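Novice: fold the following for me, if possible:
(one chain, ligands or ions: 1)
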Amino acid sequence: MRIRLVAAGVLSIALNASGATLPIFDSHLHYSHDAWEQLPPKAAIEILRKAGLKAAMVSSSSDDGTQKLYAEAPDLVIPVLRPYRHRGELGTWVRDASVVGHLEARLKANRYVAIGEYHVYGADADLPVVRRVVELARQHKLFLHSHSDAEAIERQFKQDPDARILWAHSGFDSADKVREMLRRHRNLWCDLAFRSDHASNGKVDPAWRAAFMEFPDRFMVGTDTFTPERWHFVVEHANWSRQWLADLPADVAERIAWKNGDALFGAMLKRP
Ligand SMILES: [Zn+2]
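Specialist: Numbering: from 1, shown residues only. From the prediction side, this is the model:
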């Protein structure tokens, strides 16, 4: 009974004006090596389809995970190239020159829309390996998916003022700071992955509402499956997103839900 009630509640808010479920572009997923066995590619894709996703941006430690999902569903999965070859490189990659050869080889072999998601903070963004990543993105016309503080974002833009950066988790920064950054950088976009401070009980926080209304073209949502268990939240995250997005004007909600991601990265999808 409880399930039926929950489902009815979700349905009533998930439908848009035309009566269809709001599609979701999930901009922040990982399919890393420790997920492959518990959740084989077919099962992972099944979850993404069950969530009603329009597209899924996936980066993985190692990139083989991304390639497995992309092979399974090129109409749904958008590959992003992660510098990490396995779990545990998150804090060391910025000083590991072997990352560069790995990225170059992958860029030769496959197609991607971005390099990331990688973690870099403060002055580390000016280390040679990170500089090379920014250069590779420029050469290959790719976005950078950067999990960083504002300072590391600034430093990357200083290296390449034409860089295009998707700021993972909006830097876990405040709505006001995020707005300030968006005003300063026309090539900065923000994902809202793994944060919940922008909305509660289907109501958008006022400071975040101001940010979404000022920059309706620069935000997107994401689950962040940083551990295998997180895959079980993909459907819940999509439904939760539909719930709070319904508190925004319909055109703004649609852009944040999927149109922004689709406009930037959708060309990569093999549409039937
Ligand atoms: Zn992540």
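
Novice: what about Ala71, distance to Leu192?
Specialist: To Leu192, Ala71 is 29 Å away according to CB to CB, to the nearest Å. All C-beta spots, glycine's among them, are computed from the backbone N, C-alpha and C.

Novice: so which bits of the stretch 151-272 of the chain are right by the ion?
Specialist: Within reach of the ion by CB under 5 Å from the ion, the stretch 151-272 of the chain has these residues: Asp224.

Novice: could you redo the last one with a cut-off of 8 Å?
Specialist: Counting by CB under 8 Å from the ion, the residues of the stretch 151-272 of the chain lying close to the ion are Ala168, His169, Ala193, Phe194, Gly222, Asp224, Thr225, Phe226.

Novice: who's in contact with the fifth one?
Specialist: Same thing as Gly222. Going by CB atoms under 8 Å, 6 or more residues apart in numbering, Gly222 touches Asp26, Ser27, His28, Leu29, Met57, Asp191, Leu192, Ala193, Phe194.

Novice: please name the nearest non-neighbouring residue to Trp244.
Specialist: Ala199 (3.4 Å; CB to CB, 6 or more residues apart in numbering).

Novice: surely that neighbour meets Asp205?
Specialist: Yes. Contact criterion CB atoms under 8 Å: Ala199 and Asp205 qualify, at 6.2 Å.

Novice: identify the residues contacting the closest residue to the ion within the stretch 151-272 of the chain.
Specialist: In the stretch 151-272 of the chain, no residue comes nearer to the ion than Asp224, which is 4.4 Å away by CB to the ion. For Asp224, the contacting residues are His28, Leu29, His30, His169, Ala193, Phe194, Arg230, by CB under 8 Å, 6+ apart.

Novice: would you agree it falls within a helix?
Specialist: No. Assignment of Asp224 by DSSP: H, G, I helix; E, B strand; the rest coil gives coil, placing it outside any helix.

Novice: and it, backbone torsions?
Specialist: When read as degrees, to the nearest 10, the backbone of Asp224 gives phi 60, psi 90.

Novice: again with Thr227
Specialist: phi -130, psi 160.

Novice: quick one on the thing from earlier: select only the buried ones of the residues of the stretch 151-272 of the chain next to the ion in PyMOL?
Specialist: This is the PyMOL syntax for the buried subset of these, where burial follows 16 or more other CB atoms under 10 Å:
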select buried, resi 168+169+193+194+222+224+225+226
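
Novice: which secondary element of this structure has the worst mean pLDDT?
Specialist: Taking mean pLDDT, DSSP states H and E as the measure, the helix or strand of the chain with the lowest value is helix 2-14, at a mean of 40.

Novice: the following helix or strand past it near the ion at all?
Specialist: Once helix 2-14 ends, the next helix or strand along the chain (criterion: DSSP states H and E) is strand 24-29. Yes. Interface with the ion: strand 24-29 contributes His28 (CB under 8 Å from the ion).

Novice: could you point out which element follows strand 24-29?
Specialist: helix 41-50.

Novice: off-centre distance for that following helix?
Specialist: 17 Å (CA atoms, centre = their mean, to the nearest Å).

Novice: which other residues reach the helix or strand that it is followed by?
Specialist: The element immediately downstream of helix 41-50 (helix or strand, assigned by DSSP H and E) is strand 53-58. Residues outside strand 53-58 that contact it (CB under 8 Å, 6+ apart) are 23-31, 48, 65-66, 69-70, 76-80, 113-114, 145, 222, 234, 238, 258, 261-262, 265-266, 269.

Novice: again, but for stretch 265-272
Specialist: Ala55, Met57, Pro74, Asp75, Leu76, Ile78, Pro79, Arg111, Val113, Ala114, Phe143.

Novice: contact partners for the fifth one?
Specialist: The one in question is Leu76. Leu76 touches Ile45, Leu48, Arg49, Leu53, Ala55, Ala56, Leu269, counting by CB under 8 Å, 6+ apart.

Novice: all strands of the stretch 101-250 of the chain, in order?
Specialist: Here the stretch 101-250 of the chain has its strands, by DSSP state E, counting those that start in this stretch, at 114-119, 143-147, 165-167, 188-191, 199-200, 203-204, 219-220.
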